[in-house]
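got a structure for you, letters missing:
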């Protein structure tokens, strides 16, 4: 079989692309609107061509019938859980910054007509709040002649050291078949032929120290002294009446879940967010900020994969990425339909 060709949309730093590359695919074109992410893609030779620009201004007609798979995750903020609760900000297709992205993704599918497409987003994409986008995906896929299979997957159930839940939709041209998701390989407790979840200690043990510079930092900002008291695997809820804390400091569910959230070495990480924050975790169990090298491990991005930009730019790239090992497993399964 010839090397399958892919076109990557909303590529970011290339977490999804890296998984497909490891599965034997070749990326003809990768696109993103952020110049720093595009620089990262070029630095790692992730595609024959990297185009940096707004997808609405790009023409893909020349790739018609030459691409096997289109992959991409349109920007997720319009469908995030945070946006779900911000009643004063429009979400879904009405989001002023990225509401156009899903229709544009399917414009590319219509122009190129690949054998398969893979669409990724946050699990909030399935919320009833965003009924219109989900119906659009279903109707447009039917109109263009694709069978779609979709579900919310937990990356930890596929060996990723992170309980990151993502909506994955795979469309296969109707004359080829319908995608079947690969069986999960891991579970929280293991058994029944599955391995136990990969833990933070499994992938971060060689970073289990605190540097002299980190000793001068104060994760949690003004709440640093509280962070020190939080047990590994817990967050600000430790200081609530419901949890039996004497002289409670916080009310139950009065803050974001990630506030003072501390990793446990004995379980996977919670979702790595795209925005670095002084008081939003997860933090290391040794009461320090996570390092870029560590969040790359948690996202299963290779140690030698290079990132452009300053610290917060690198954090954003990694936090926005699809775990490469999850992408690899999906990519290997897609090979059956090419």
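Ah, there it is. Given the structure is predicted, the values throughout are model-derived calculations rather than measurements.

for the protein, which helix is longest?
In the chain, assigned by DSSP state H, the helix with the most residues is helix 131-144.

that one packs against which elements?
helix 101-112, strand 146-154 (3 or more C-beta pairs under 8 Å, 6 or more residues apart in numbering; DSSP states H and E). Every residue, glycine included, has its C-beta placed from N, CA and C.

domain-wise, how is the chain divided?
5-187+323-337, 200-319 (automatic domain parsing).

span of the last one from start to end?
With C-alpha to C-alpha, to the nearest Å as the measure, domain 200-319 spans 16 Å from end to end.

which parts of the stretch 1-150 of the chain are strands?
5-9, 26-32, 49-52, 69-72, 116-122, 146-154 (DSSP state E, counting those that start in this stretch).

with mean pLDDT, distance to residue 307 and mean neighbour count added, can I get the ones you listed in CSV?
Output for these, formatted as CSV (pLDDT from 0 to 100; distance: least, C-beta to C-beta, whole Å; neighbours: other C-beta atoms under 10 Å):
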stretch, mean pLDDT, distance to residue 307, mean neighbour count
strand 5-9, 98, 17, 25
strand 26-32, 98, 14, 22
strand 49-52, 98, 15, 17
strand 69-72, 98, 20, 27
strand 116-122, 95, 20, 25
strand 146-154, 98, 25, 18
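
which of the helices and strands in this protein ranks last by mean pLDDT?
Lowest on mean pLDDT, DSSP states H and E among the helices and strands of the chain sits helix 81-85, with a mean of 48.

was I right about residue 318 contacting residue 292?
Yes - the pair residue 318 / residue 292 is scored as a contact, 6.8 Å apart, by C-beta atoms under 8 Å.

neighbour count winner among those two?
Taking neighbours as other C-beta atoms under 10 Å, residue 318 and residue 292 compare with residue 318 leading, 24 against 15.

quick check: that one is in a helix.
Yes - using DSSP: H, G, I helix; E, B strand; the rest coil, the assignment for residue 318 is a helix.

and it, how far from residue 301?
6 Å (C-beta to C-beta, to the nearest Å).

which residues do the two both contact?
13, 15 (C-beta atoms under 8 Å, 6 or more residues apart in numbering).
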